[in-house]
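Trainee: turn this into a model:
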Amino acid sequence: MSASPATPSPDTSRRHWLASALAVPSLSMLGCAAVDSTVAASPAAATPALVQPWPMPGVRYMDLPAPTLPGTSKARQHRVMVYVPQGSAPAGGWPVIYVLDGNLMFPIVAQLVHNRGGRGADMRGHSAVVVGLGHALPPDSDEVHDRAARTYDYTLPYAGVGPDSQGRAQGGADVFLDWIAQQLQPLLQSQLPLSAQQQTLVGHSYGGLLTLHTLFTRTAMFQRYVTASPSLWWGGGIVLEEAVQFMRRYASGQSALPSALNVYVSQGSEEMSARRDPARTPNPEREAAARQAQARAQSHGLTNAASLSAALNQVQGLQCQHNIWPGASHGGTQLYACMQAAQVGVWAAPSQAPG
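Mentor: Down below sits the predicted model:
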């Protein structure tokens with residue numbers, strides 16, 4: 001079952017839509033269609049057919065208007081997927097896990113979090129609201145991402161940034177983060193009992209790049225940051241400059257973090273081996289950016305993700321954990337990021353470890 005998209009204006013109509021959508025008692029998985037009545041009425045002896053949707057309680061989605069991409073006039077929409085746990089929220093509100101690349105990663109994180117709350121009382125753990133941040137795709141699309149929208153929304157602004165080698169606009173990260181902070185978070189907060197002090201952001205690859213950019217430039221937006229295989233090479237390593245500025249601001253202790261922070265940086269052992277898939281077309285633009293990023297990293301003593309994690313641990317009030325996932329390629333770390341987010345994003349209070 002799917003809900004009708006929210007209209008662009010006024011804001012009150014969006015709030016009304018979200019309130020009514022999340023209040024529906026029978027909740028099903030994103031994209032599921034109603035059961036075909038002809039199948040339901042077919043004789044018992046008929047050959048079974050794989051037509052039944054697979055439901056997951058607590059899930060709804062809405063499409064909200066997004067700015068057009070630079071150089072285009074085509075309308076586009078952010079797709080927001082929301083999982084709400086069963087039962088009553090904790091006294092301080094539900095923790096929230098925001099999942100980038102939501103079209104692909106949200107169903108995994110939501111299912112893992114749902115499984116925690118669906119166990120017997122003796123094994124049931126804490127739970128959380130899960131918010132998938134994705135993009136609306138054409139009905140007949142077989143893509144898992146809107147690649148052009150993802151490239152723009154997840155890459156950093158800096159002087160001179162232009163389209164990539166495939167003509168995709170870049171540099172819209174701050175526009176995207178403004179939308180989350182100024183529109184989406186207040187809208188969700190007005191409709192659901194959420195904790196503003198228990199929020200997690202998780203991203204992979206370009207999403208991991210955006211996660212670090214958020215940590216370094218908008219530190220107060222979240223309290224836990226899960227970044228898997230972040231694209232540190234992008235823009236010649238410009239995010240490393242942001243890291244240095246962040247650490248200068250807070251590592252001395254002269255400026256205090258807005259809250260205690262937990263950061264999780266991870267890589268796959270296979271991607272660290274630097275072995276290239278022979279079937280993959282070389283990307284000179286990316287390779288040049290990676291060389292520039294490596295030089296920039298070395299100038300700051302940040303030779304890899306592990307050294308970045310170690311440096312972040314010098315910031316008072318911030319704990320950074322670095323993981324290497326055995327046997328995982330760049331793409332394979334995405335699943336580990338989902339599992340990690342589903343674990344660390346459900347903590348009951350800032351002083352309590354995840355259960």
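Trainee: flag the shaky bits of the stretch 251-355 of the chain, pLDDT-wise.
Mentor: Where the stretch 251-355 of the chain drops to pLDDT under 70, the residues are 274-283, 286, 289-290, 292-293, 297, 348-355.
Trainee: I figured residue 344 was touching residue 264, is that so?
Mentor: Yes. Counting by C-beta atoms under 8 Å, residue 344 does reach residue 264; the two are 6.6 Å apart. Yep, even glycine has a C-beta here, placed from its N, CA and C like the rest.
Trainee: so which of the two has more stuff around it?
Mentor: Neighbour comparison, residue 344 and residue 264: the larger count goes to residue 264, with 23 against 20 (by other C-beta atoms under 10 Å).
Trainee: secondary structure of that one: a helix, I assume?
Mentor: No. Looking at residue 264 with DSSP: H, G, I helix; E, B strand; the rest coil, it is strand, so not inside a helix.
Trainee: name the nearest residue to it, sequence neighbours excluded.
Mentor: residue 226 (4.6 Å; C-beta to C-beta, 6 or more residues apart in numbering).
Trainee: any common contacting residues for residue 344 and residue 264?
Mentor: Common neighbours of residue 344 and residue 264 (criterion: C-beta atoms under 8 Å, 6 or more residues apart in numbering): 224, 226.
Trainee: can you give me the helices in the stretch 151-300 of the chain?
Mentor: 173-179, 185-191, 206-217, 234-250, 269-272, 284-299 (DSSP state H, counting those that start in this stretch).
Trainee: for the longest one, name the packing helices and strands.
Mentor: The elements that helix 234-250 packs onto, with contact taken as 3 or more C-beta pairs under 8 Å, 6 or more residues apart in numbering; DSSP states H and E, are helix 206-217, helix 284-299, helix 305-312.
Trainee: neighbouring strands - and their directions - for the following helix or strand past the last one?
Mentor: From helix 305-312 onward toward the C-terminus, using DSSP states H and E, the following helix or strand is strand 318-325. On the basis of DSSP bridges, the sheet neighbours of strand 318-325 come out as strand 261-268 (parallel).
Trainee: where along the stretch 51-200 of the chain do the strands fall?
Mentor: 59-66, 76-83, 94-100, 129-135, 194-204 (DSSP state E, counting those that start in this stretch).
Trainee: quick revisit: just say which of the helices of the stretch 151-300 of the chain is most tucked in.
Mentor: Looking across those with neighbours counted as mean count of other C-beta atoms under 10 Å, the highest average goes to helix 206-217: a mean of 25.
Trainee: what's the distance between that one and the middle of its chain?
Mentor: 10 Å (C-alpha atoms, centre = their mean, to the nearest Å).
Trainee: so what does it touch, helix or strand wise?
Mentor: strand 94-100, helix 147-154, helix 173-179, strand 194-204, strand 224-228, helix 234-250.
Trainee: any weak-confidence spans in the stretch 101-250 of the chain?
Mentor: Applying pLDDT under 70 to the stretch 101-250 of the chain flags residues 118-125.
Trainee: one step back: format the helices of the stretch 151-300 of the chain as JSON lines; extra columns: distance to residue 112.
Mentor: Output for those, formatted as JSON lines (distance: least, C-beta to C-beta, whole Å):
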{"stretch": "helix 173-179", "distance to residue 112": "25"}
{"stretch": "helix 185-191", "distance to residue 112": "20"}
{"stretch": "helix 206-217", "distance to residue 112": "17"}
{"stretch": "helix 234-250", "distance to residue 112": "28"}
{"stretch": "helix 269-272", "distance to residue 112": "23"}
{"stretch": "helix 284-299", "distance to residue 112": "31"}
